[in-house]
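> no sequence on hand, only this structure:
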């Protein structure tokens, strides 16, 4: 039993590292790190700690999607449409980060609040790019119709 666990570990590690090198893996990892930094900036600003909930929720959702794609669970769990779920997650995050960043930057405050607002605008661009990349209708490829006659004679 221990030998089979030892043999399966490199395959699992290879799957984890292979996904983290893809464009989607890099995007999700960057979203997690950026949400963590924004959370730290909002926590340092005493007057705007209520805005940190957006960073917490988006960081958790990005981590969940990272794990789902990394472990290849999106092919095993079929009752959820993963491309549309990921698209709506990133689209809603784009809109909410844009609104939150504008509200935070309009009010005068300390440097941590201004930094969080600017990083929120960067997060808006990152989540927007993620929504653009993962748009499911954009990913569908259409095949060309055959131009040869159906009966095979020329």
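Here it is on my side, so go on. Note that the coordinates shown come from a computational prediction; the quantities given were computed from them, not determined experimentally.
> please make it C-alpha for all contacts and neighbour counts, starting now.
Fine.
> and residue 87, what does it touch?
Neighbouring residues of residue 87 by CA atoms under 8 Å, 6 or more residues apart in numbering: 130-132, 134-136.
> which ones among the residues you listed are found in strands?
Among the contacts of residue 87, DSSP state E puts none in strands.
> where does confidence bottom out across those?
Ranked by pLDDT, the contacts of residue 87 bottom out at residue 136 (75).
> can you point me to the longest helix in the chain?
Looking across the chain with DSSP state H, the single longest helix is helix 82-106.
> list the buried residues in it.
Judged by neighbour count (16 or more other CA atoms under 10 Å), helix 82-106 contains these buried residues: 82-83, 86-87, 89-94, 97-98, 100-101, 104-105.
> need the max-distance pair from those.
Using CA to CA, the buried residues of helix 82-106 reach their maximum pairwise distance at 82 and 105, which is 33.9 Å.
> shaky segments in the protein?
Along the chain, segments meeting pLDDT under 70 span 1-13, 15-16, 47-49, 138-154.
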